[in-house]
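Participant: Following is a predicted model, sequence given first.
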Amino acid sequence: MDAVSRIRKLAKRKMKTIVLPEYEDERTLKAARIIQQEALANVLVLTPDKIDKGQKDRYIDEYYKLYQSKEIDLETVKKLFSDNLYYGAMMVREGRADGLVGGAIHTTADMARACIRCIGLEERFTIASSCFIMDVPNCQYGDNGTFIFADCGIIPDPNARQLSCIALTAAELAGKVLDLTPRVAFLSYSTKGSAKTKSAEKISEALALLKTQSPEILADGEIQADAAIVPEVARIKCPDSPISGRANVLIFPNLEAGNISYKLVQRLSGCRAIGPLFLGLNKPASDLSRGCFVEDIVDSVAVTAIRAQ
């Protein structure tokens, strides 16, 4: 069973309510109908008739009280809540919905800002990042072509602590959503000190931090991509590696590398790329590409529903 089929099957185990704020987008409306038909989740499309004025005023007041110390004025908050995205994110914060999916007409920056401010950050991590589930057809690497790529959407140049948090949250998602045993590779252009750079030092520090946080997770770094996913190359370059060239969670050293890599793999291999999935939030939320297809929205909702179970 491929990754997408597994995801849709798992989403049906326990129905969760996922809010879709972008009612103006035709792809979102089509996706909502498919999700309901397949019983993947209870979807709440935030059409104007679904917005309760009293509840909206209460959300505006709550948001203003949260951030007034940052010199935000009430009129600015009201302008933010003219966008249903903020209303939907506050619903998730309050528990009136279990998760949120948007981004068909919003930028990743808009999505991240609303989700971080309204849903909030998990105390364990104190940072938000993102990942993609990559389902590569006819591929022998990873878990029969299934990978997690992180971070591909939020943190431009993560430090060692941030990299370790990205790795931990991505590994946890691999276990929960895909039922995989995570094997984490901190990627670099060098393997085990073959190049002496600050970047390599940062990655080695991130690995050490991850081992301290979660010693049970199989992880290695710094390591080149071929040594991370090809066992024959790993036997040559890093024969003692605990992941043995079988990594399924790939952690990129910066946003440029992650974003470029996921887009190249997606276009060159024809793989399904589900995400960006936000990591490190108190409740699950997922972003979409503004060039997304209906199926992308369906899959992101299914993943978000599983994470909320």
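Facilitator: Good, I have the coordinates.
Participant: Please parse this structure into its domains.
Facilitator: What automatic domain parsing lists as the domains of the chain is 1-120+281-309, 126-279.
Participant: is it possible to export those domains to TSV including mean neighbour count and mean pLDDT?
Facilitator: Where C-beta positions appear, they are placed from N, C-alpha and C, glycine not excepted. Shown next, in TSV, are the domains of the chain (neighbours: other C-beta atoms under 10 Å; pLDDT from 0 to 100):
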stretch	mean neighbour count	mean pLDDT
domain 1-120+281-309	19	94
domain 126-279	20	94
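Participant: what sits against residue 12?
Facilitator: Contacts for residue 12 (C-beta atoms under 8 Å, 6 or more residues apart in numbering) come out as 38, 39, 40.
Participant: no wait, residue 258
Facilitator: So residue 258 contacts 149, 150, 151, 152, 153, 252 (C-beta under 8 Å, 6+ apart).
Participant: The fourth one contacts residue 265, doesn't it?
Facilitator: Which is residue 152. No - if you go by C-beta atoms under 8 Å, residue 152 and residue 265 don't touch, sitting 10.5 Å apart.
Participant: picking up where we left off before, can you list which of the contacts of residue 258 are found in strands?
Facilitator: 149, 150 (DSSP state E).
Participant: which two from the contacts of residue 258 end up farthest apart in space?
Facilitator: 153 and 252 (11.0 Å; C-beta to C-beta).
Participant: in which helix or strand would I find the residue lying farthest from the centre of the chain?
Facilitator: Relative to the centre of the chain, the most outlying C-alpha is that of residue 236, 32.8 Å out, by C-alpha atoms, centre = their mean. Using DSSP states H and E, the secondary-structure element containing residue 236 is helix 231-237.
Participant: Please give the centre-to-centre distance between that helix and its chain.
Facilitator: 30 Å (C-alpha atoms, centre = their mean, to the nearest Å).
Participant: Against which helices or strands is that helix packed?
Facilitator: helix 225-229 (3 or more C-beta pairs under 8 Å, 6 or more residues apart in numbering; DSSP states H and E).
Participant: distance of residue 304 from residue 280?
Facilitator: Separation of residue 304 from residue 280 (C-beta to C-beta, to the nearest Å): 15 Å.
Participant: Repeat that for residue 72.
Facilitator: In terms of C-beta to C-beta, residue 72 sits 23 Å off from residue 280.
Participant: Also residue 129?
Facilitator: In terms of C-beta to C-beta, residue 129 sits 6 Å off from residue 280.
Participant: Overlap of the contact sets of these two?
Facilitator: In contact with both residue 129 and residue 280: 165, 169, using C-beta under 8 Å, 6+ apart.
Participant: ok, the residue farthest from the centre of the chain - contacts?
Facilitator: Residue 236 neighbours (C-beta under 8 Å, 6+ apart): residue 227.
Participant: Let's have the contacts of residue 12 in a markdown table, adding distance to residue 247 and secondary structure.
Facilitator: Shown next, in a markdown table, are those (distance: C-beta to C-beta, whole Å; DSSP: H, G, I helix; E, B strand; the rest coil):
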| residue | distance to residue 247 | secondary structure |
| --- | --- | --- |
| 38 | 32 | helix |
| 39 | 34 | coil |
| 40 | 29 | coil |
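Participant: Torsion angles phi and psi at the residue nearest to the spatial centre of the chain?
Facilitator: Taking C-alpha atoms, centre = their mean as the criterion, residue 277 is the residue nearest the geometric centre of the chain, at 2.1 Å. Main-chain dihedrals, residue 277, degrees, to the nearest 10: phi -100, psi 120.
Participant: is it in a bridge, and if so with what?
Facilitator: residue 131, residue 286 (DSSP bridges).
Participant: Look up how far residue 302 lies from residue 34.
Facilitator: 10 Å.
Participant: again, but for residue 232
Facilitator: 35 Å.
Participant: show me where the protein has helices.
Facilitator: 3-11, 26-38, 53-67, 74-80, 84-94, 108-118, 160-178, 198-213, 225-229, 231-237, 255-269, 294-308 (DSSP state H).
Participant: could you dump the ones you listed to JSON lines with distance to residue 135?
Facilitator: Compiled in JSON lines, the helices of the chain are given as follows (distance: least, C-beta to C-beta, whole Å):
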{"stretch": "helix 3-11", "distance to residue 135": "4"}
{"stretch": "helix 26-38", "distance to residue 135": "18"}
{"stretch": "helix 53-67", "distance to residue 135": "36"}
{"stretch": "helix 74-80", "distance to residue 135": "35"}
{"stretch": "helix 84-94", "distance to residue 135": "26"}
{"stretch": "helix 108-118", "distance to residue 135": "21"}
{"stretch": "helix 160-178", "distance to residue 135": "10"}
{"stretch": "helix 198-213", "distance to residue 135": "25"}
{"stretch": "helix 225-229", "distance to residue 135": "15"}
{"stretch": "helix 231-237", "distance to residue 135": "21"}
{"stretch": "helix 255-269", "distance to residue 135": "10"}
{"stretch": "helix 294-308", "distance to residue 135": "9"}
